[in-house]
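[1] I need the structure of the sequence given here:
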Amino acid sequence: MESCKGGVTEMIKKLQKKLALSRQGAIDLIKGCAACMLQNISFMFPVGLLYMLVDDLLNGRTVADRAGLYAAGCVLCILLIFFTTWLQYNATYFATYKESGVRRISLAEKLRKIPLAFFGQKDLADLTSTIMADCTFLEQSFSHFIPELFGSIGSTLLISVSLFVYDWRMALAALWVAPVSFAIVALSSRVQEQLSRRQMNAKMDCADGIQECIETLRDLRACNAEKNYLRGLDKKIKAVERRAIISELGTAVFVVSATLVLKLGIATTALTGSALLIGGNLDVMTFFMFLLVVSRLYDPLQSALQNLAAVIATRTNISRMNEILDHHVQSGREMLSNHGCDIEFSHVGFAYNSGETVLKDVSFTAKQGEITALVGPSGGGKTTVSRLAARFWDIDRGTITVGGMDISRIDPEKLLSLYAIVFQDVTLFDNTIMENIRIGRKDATDEEVMAAARLANCDEFAHKLPDGYQSRIGENGCALSGGERQRISIARAFLKNAPIILLDEATASLDVENETLIQSALSRLIRNKTVLVIAHRMRTVAGADKIVVLDNGKVAEEGAPEKLMKKNGVYSHMAKLQTYSQSWALE
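    I've put the predicted structure just below:
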């Protein structure tokens, strides 16, 4: 009994891994296959009833005397087929719809925990396609292809055993085509997988092109490049069509060939039966019974060949889902053990998956109650340092601590409770201004949201809108200007009121007047907090307590602004260049 349970458990685990299923989904799939097998067997009962009727007619029995038996047999067949069909429908379709929902949620949940480095390798269209299109294809596969495939195989094996009991010669003549047909389709798996991958690549290329076209339409029109881009997009759309035709044709070659071989079974059964009948080695009723059975037996097998080809095609979709499900997640303790909120980088090295080294040996400390500014040439690693401080990525070597607590051992979501972050690229949602700010702290009251909005100087534009703070701002805040969008992002940071604040060019999109107002508000927000500021404009960080100059992935200089100006190093050079550029004017 224990070994049997162990075998079932192992089979469930293999199905989970092989088909990207949840445990319940794997169990439901097994039930669905069993239900399909029972349904196929139930379709053989009318064949048996017809066999009995012909036997009575050939042997001169009065059919009228057994009318009640045949009537009861017909009713029983109808009820049996109805019950097994109902069972099959519930075990496949209903269970599949639940599993596709579970799979989408589990993929989204896994994406929430995967390091952000993963998203640098994927684009939005690819991930959206995996969650929506691949799961839809999985839904179709589990409701139509896999259960019917294994149901057909299982029922055929059971029927085959009974046929061999009747007459092994006729059974062999009828069934030899089945393994040959399945072998033809199975051996084509490598070709079908390659065709499926190429078709998927063409789809993703097209989806990327469409999304890019929509997102950059303003720039395309401004540069009179719209027609040229659309011509390229048209080629991508036609490539999808061409790949779909090639893929269907490639699959059809093998499936049709296998089906033709399968149909030869009828001929070999008839020829073998005729030869045995003429030789007196087979009676008429057995011959008739085999002809009846094979006429019904090959229909589910023909469907099974098509289903097998479809299952092979799903491997591409399953591998895309498994790429997400098998990806390692960032984990750690749920308890914070920091003493204070000093951020310390100690000999930190980091490289993206592309192999490009961004940070080589970075060491500095951002103390609580002070403003630490990160400056330096573009590509020096400033933004990467801020992302690593919040554990958006895991470092390759060295350590990063917050209040003496190694952040690599803390759950990322728990760690982020210590941080309020204002990104250079603001992300807003198609909702009201009020709800966009409330993302900073979901349990905040309206009064607290309004207070944070006033600190971020949002009143100025909010009251100009028809519904004030209840105005919807469109997808990613398209109804607002860049400066207005950034002020909403700053209001979120005010609302969260976390002990560590990361500002990545927080005032880059503001005019001089609003920048002064925001900086004044920020000075109230950052009191007794750890502040890490990324800036390109030197006047933005002139009031910082400490400046860390990053150049070529290393700390080139660090210290107070006045001290660095006297050194005539990188910082001093950048400050002088910006002073010079501000004096530039049109001639």
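[2] can you pull out the strands in the protein?
    Using DSSP state E, the strands of the chain run over residues 343-351, 357-366, 371-375, 397-402, 405-406, 419-422, 500-504, 530-534, 546-551, 554-559.
[3] What are the contacting residues of stretch 17-27?
    12-13, 15-16, 29, 95, 98-99, 102-103, 106, 138, 142, 146, 314, 318, 321-322, 325 (Cβ atoms under 8 Å, 6 or more residues apart in numbering). (Glycine included, C-beta is placed from N, CA and C.)
[4] Then stretch 294-313?
    Surrounding stretch 294-313, the residues in contact under the criterion Cβ under 8 Å, 6+ apart are 40, 43-44, 47, 141, 144-146, 148-149, 151-153, 155-156, 159, 174, 178, 181-182, 185-186, 188-189, 192-193, 196, 247, 251, 254-255, 258-259, 262-263, 265-266, 269.
[5] Show me what counts as buried in it.
    If you call a residue buried by 16 or more other Cβ atoms under 10 Å, then stretch 294-313 has these buried ones: 294, 297-298, 300-313.
[6] Report the separation between residue 331 and residue 23.
    In this structure, residue 331 lies at 21 Å from residue 23, with Cβ to Cβ, to the nearest Å as the measure.
[7] Oh, that last question was meant for residue 543, not what I typed.
    Residue 543 sits 57 Å away from residue 23, taking Cβ to Cβ as the criterion.
[8] I'd like to know how many residues surround the nearest residue in space to residue 369 that is not next to it in sequence.
    Once its chain neighbours are removed from consideration, residue 369 has its nearest residue in residue 528; the separation is 5.2 Å (Cβ to Cβ, 6 or more residues apart in numbering). Each residue near residue 528 was counted by other Cβ atoms under 10 Å, and the total is 9.
[9] Over to residue 75?
    Counted with other Cβ under 10 Å, residue 75 comes out at 10.
[10] Run through the stretch 451-587 of the chain and note the low-pLDDT ranges.
    Low-confidence segments of the stretch 451-587 of the chain, defined by pLDDT under 70, span residues 506-515, 517-518, 521, 538-540, 578-587.
[11] Please enumerate the helices of it.
    Secondary structure of the stretch 451-587 of the chain by DSSP state H, counting those that start in this stretch: the helices cover 459-462, 482-496, 512-525, 561-567, 570-582.
[12] Determine which of the ones you listed approaches residue 368 most closely.
    When those are compared for distance to residue 368 using Cβ to Cβ, the nearest one is helix 512-525, at 14.1 Å.
[13] picking up where we left off before, tell me which of the helices of the stretch 451-587 of the chain is the most buried.
    With neighbours taken as mean count of other Cβ atoms under 10 Å, the helices of the stretch 451-587 of the chain reach their highest mean count in helix 482-496, at a mean of 24.
[14] just the angle between it and strand 500-504, please?
    Calculated by axes from the mean of the first three to the mean of the last three Cα atoms, to 10 degrees, helix 482-496 forms an angle of 170 degrees with strand 500-504.
[15] Dump helix 482-496 to PDB, restricted to CA.
    What follows is the C-alpha trace of helix 482-496 in PDB, where atoms were taken according to Å, rounded to 0.1, in the frame of the first residue of the first chain:
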ATOM      1  CA  GLY A 482       5.900  65.200 -16.000                       C
ATOM      2  CA  GLY A 483       6.400  67.500 -13.000                       C
ATOM      3  CA  GLU A 484       2.900  66.800 -11.800                       C
ATOM      4  CA  ARG A 485       3.400  63.000 -12.000                       C
ATOM      5  CA  GLN A 486       6.700  63.300 -10.100                       C
ATOM      6  CA  ARG A 487       5.000  65.300  -7.300                       C
ATOM      7  CA  ILE A 488       2.500  62.400  -6.900                       C
ATOM      8  CA  SER A 489       5.400  60.100  -6.500                       C
ATOM      9  CA  ILE A 490       7.000  62.300  -3.900                       C
ATOM     10  CA  ALA A 491       3.700  62.500  -2.100                       C
ATOM     11  CA  ARG A 492       3.700  58.700  -1.800                       C
ATOM     12  CA  ALA A 493       7.100  58.900   0.000                       C
ATOM     13  CA  PHE A 494       5.700  61.500   2.400                       C
ATOM     14  CA  LEU A 495       2.800  59.300   3.100                       C
ATOM     15  CA  LYS A 496       4.900  56.200   3.800                       C
END
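[16] Counting by contacts, list what that helix packs against.
    For helix 482-496, the contact count by 3 or more Cβ pairs under 8 Å, 6 or more residues apart in numbering; DSSP states H and E identifies strand 419-422, helix 433-438, helix 446-455, helix 512-525 as packing neighbours.
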